[in-house]
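Peer 1: starting from these lines, generate the structure:
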Amino acid sequence: MLRSTYEGQVCSVARALEVVGERWTLLIVRDALQGVTRFDGFLARLPIARNVLSDRLSGLVGHGVLERVQYQERPRRFEYRLTAMGRELISVVVALMEWGDRHLSGEAGPPRVAEHADCGGHVGARLVCEDCAAAVSPAEVTTRASA
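Peer 2: Purely as a prediction, here's the structure:
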């Protein structure tokens, strides 16, 4: 969805940004995760031009993040539902939300909180080692080229 490509780069971050890296796109995903499914619902929540919203929704459908499902025959109307791939973006949205809360939140504090639907407990993004199950701080993470 970005206006440039990452030709020659073998990078999962660059590939992900091609799908959700444009600012409106991630805000559409955020709203979909909050239950918005219809074009007019997205339009009411976002100060976005209709043509831009239409383009971004089409891109998310094309990449498999959303599916377009007809909900009315006459006139034909559609809604946009998150796919399993799209629902997985909750971890990205929560991580960005927490980062924004930590570094950019005003005196009023965070505008939203993430909670566990079953018990109401706080849900946060964490780095956890898959081998030893230890919580890992950002300073303890390194990356390397895969085999």
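
Peer 1: assumed Glu18 was part of a helix.
Peer 2: Yes: looking at Glu18 with DSSP: H, G, I helix; E, B strand; the rest coil, it is inside a helix.

Peer 1: what pLDDT does it get?
Peer 2: On the pLDDT scale, Glu18 is placed at 90.

Peer 1: residues near it, how many?
Peer 2: By other CB atoms under 10 Å, 16 other residues sit near Glu18. To be clear about C-beta, it is placed using only N, CA and C from the backbone, and glycine gets the same treatment.

Peer 1: how near is it to Val61?
Peer 2: Using CB to CB, to the nearest Å, one obtains 15 Å as the distance from Glu18 to Val61.

Peer 1: after the worst-scoring helix or strand of the chain on mean pLDDT, next one along is what?
Peer 2: The helix or strand of the chain with the lowest confidence, counting by mean pLDDT, DSSP states H and E, is helix 12-20 at a mean of 91. Once the chain leaves helix 12-20, the next helix or strand it forms, by DSSP states H and E, is helix 23-33.

Peer 1: what's in contact with that next one?
Peer 2: Helix 23-33 is contacted from outside by 1, 19-20, 41-42, 45-46, 48, 52-53, 56-57, 59-60, 65-66, 80-82, 86-87, 89-90, 92-93, 96, using CB atoms under 8 Å, 6 or more residues apart in numbering.

Peer 1: what's the burial count for Arg68?
Peer 2: Count around Arg68 with other CB under 10 Å applied: 13.

Peer 1: now do the contacts for it.
Peer 2: Applying CB under 8 Å, 6+ apart to Arg68 gives the contacts 57, 61, 78-80.

Peer 1: for Glu130, helix, strand, or coil?
Peer 2: Secondary structure, three-state DSSP: Glu130 is coil.
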